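Participant: Quick one, what's the 3D model for this:
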Amino acid sequence: MYSSKPLISRFKGWRQVPTMMQAYAERQKLEGKWADVMELIRESETGRQTASLVCLSNGEPRGTGRILRDRPTYGPPMMDAGLAYGPANELGVVFLFGMVARQRGFVVMRIQMGFPDCEAMRKIDEQTWQMVRIEFEHESRNFLRHGHPPSGCDLIVCWIHNWPECPVEVLELSKMEW
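Facilitator: All right, here's what the predicted structure looks like:
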């Protein structure tokens, strides 16, 4: 039975294995016998260096984590946004609002677990900002279902506005131009 664990533990991680194998082959004068392996190692190193230089030269981050082997990977997003699809729940609405708050004239001061969900400053004009209490809902009608008092909130931010007689101002994110 074969295992990669000794190589990983001996070389302090899988990424070091090719370099260490190359060094071993050179020390033992095995380059001719392992020509195909040595070529793969050289190609792998060249590809990694090229990818690294490309990332550094264009200013883009290399990535933010390691690959999780128990789930699929995807290609890069096709749009310049942090959320690829419309939100399916209240947390998605919170995330989307956070992405667009500043460009929509809001600066979030606090997010909390209790009602209202958020306190933010809203731009009135170039010199005037005002604090607003925001409740996030996937659908505006959920505000009513949750039993929130309209007097405790200045704005409902939702994905779908389905409460026409709502007594609170509503910002429906799905109707905004993206």
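Participant: residues touching residue 156, list them.
Facilitator: Going by CB atoms under 8 Å, 6 or more residues apart in numbering, residue 156 touches 134-137, 140, 143, 166, 168-171. Every residue, glycine included, has its C-beta placed from N, CA and C.
Participant: roughly how far is stretch 103-119 from the heart of the chain?
Facilitator: Per CA atoms, centre = their mean, to the nearest Å, the displacement of stretch 103-119 from the mean C-alpha position of its chain is 20 Å.
Participant: which residues make contact with it from outside it?
Facilitator: 94, 97-98, 101, 120-123, 129, 131-136, 146, 148, 152-153, 157, 171, 176.
Participant: buried ones in it?
Facilitator: 106, 116-118 (16 or more other CB atoms under 10 Å).
Participant: could you dump that stretch to CSV, C-alpha only?
Facilitator: The C-alpha coordinates for stretch 103-119 follow below in CSV (Å, rounded to 0.1, in the frame of the first residue of the first chain):
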residue,chain,number,x,y,z
GLN,A,103,-23.0,53.6,-4.0
ARG,A,104,-26.7,53.8,-3.1
GLY,A,105,-26.1,56.6,-0.6
PHE,A,106,-25.8,54.6,2.7
VAL,A,107,-23.1,54.0,5.2
VAL,A,108,-23.8,51.2,7.6
MET,A,109,-23.0,52.0,11.3
ARG,A,110,-24.3,48.8,12.9
ILE,A,111,-25.9,45.4,12.1
GLN,A,112,-27.6,43.6,15.0
MET,A,113,-29.5,40.5,15.7
GLY,A,114,-32.6,42.3,17.1
PHE,A,115,-35.1,44.6,15.5
PRO,A,116,-34.3,46.7,13.6
ASP,A,117,-31.5,44.8,11.8
CYS,A,118,-29.4,47.8,10.9
GLU,A,119,-28.6,51.4,11.7
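Participant: how far away is the residue positioned nearest the centre of the chain from residue 176?
Facilitator: In the chain, the C-alpha nearest the mean C-alpha coordinate belongs to residue 82, at 5.7 Å (CA atoms, centre = their mean). From residue 82 over to residue 176 the distance is 15 Å, taken as CB to CB, to the nearest Å.
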